[in-house]
Every structure is written in structure tokens, then in C-alpha cells.
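Visitor: predicted coordinates and the sequence they were generated for:
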Amino acid sequence: MKDRVIYRIEESRYVDACQAVCPELLITAFGDTPEDARNALRQQVAEYLEDCDNLGALDETLIEAGFYFDSSPGKDDGVWMSSEVKPVEGPDIDLRFI
């Protein structure tokens, strides 16, 4: 899978565990620390997307989950963006040459 997938991660802390959730794909992971929970979530999302890709259903799955494909110039393989994630905007620079 050459394309990158950018998704939102929501975190919650409980008494004895931390939770990380990807709401677009309905995947949840837990860990002892927020970092452990995020890493576990990233692993689960990667495995899920790899399975979807192997079944030939990756594009359909991502579209149904609210992702869009961004193949803007300068992006080698393109990026699947969650509609829940705001793209990073560049600085507003006004260049004037004299």
C-alpha cells in the first residue's frame, strides 16, 4: 500500500489505562500510557487497512468512512485524508520583488 492515510486520533485516560480511538474507522486501542495507546492504535489501523487492501476493498472502505484522496502536485503517491482532519495550511506570505 503506497498511499498514506491521515486520520484523527482521540485520546481518553481512565484510572488504570489510556484509550486511543480512530472514530472514522471505529477502531479502539488501549495502553498503559497515552503513547502506548496511540502506538497500539496505529498498529491496529495499519493491519486493518492492509487487510482491506489485500481484499481489494481499501478505496471503498476509506470512502465510506469519510476519507478523500488528495493527489495534489508534489505528493508522490497521494494521501487519503479524513474529512475530520484539517489539512495543514502554509504560512500566508506576501512576496514582492523590487
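Guide: Alright, I've got the coordinates.
Visitor: do a quick rundown of the helices in the chain.
Guide: Remark: helices assigned in the chain by DSSP state H are 34-54, 58-64.
Visitor: got a list of what residue 24 touches?
Guide: Residues in contact with residue 24 (CB atoms under 8 Å, 6 or more residues apart in numbering) are 7, 8, 65, 66, 67, 82, 83, 84. Where C-beta positions appear, they are placed from N, C-alpha and C, glycine not excepted.
Visitor: neighbours around the second one, how many?
Guide: The number of residues packed around residue 8, counting by other CB atoms under 10 Å, is 14.
Visitor: check the third one too.
Guide: Residue 65 sits with 18 neighbouring residues when counted by other CB under 10 Å.
Visitor: quick check: it touching residue 25?
Guide: Yes: here residue 65 reaches residue 25: they are 5.6 Å apart, a contact under CB atoms under 8 Å.
Visitor: any regions of this protein where pLDDT drops low?
Guide: Within the chain, the set of residues satisfying pLDDT under 70 comprises 1-3, 73-76, 87-98.
Visitor: ok, 80 please
Guide: Across the chain, the stretches falling below the confidence threshold (pLDDT under 80) are 1-3, 72-77, 86-98.
Visitor: and the spatially most central residue of the chain, what are its phi and psi?
Guide: In the chain, the C-alpha closest to the average C-alpha coordinate belongs to residue 7, at a distance of 2.2 Å (CA atoms, centre = their mean). Geometry field for residue 7 lists phi and psi as phi -140, psi 170, criterion degrees, to the nearest 10.
Visitor: good, we can wrap up now.
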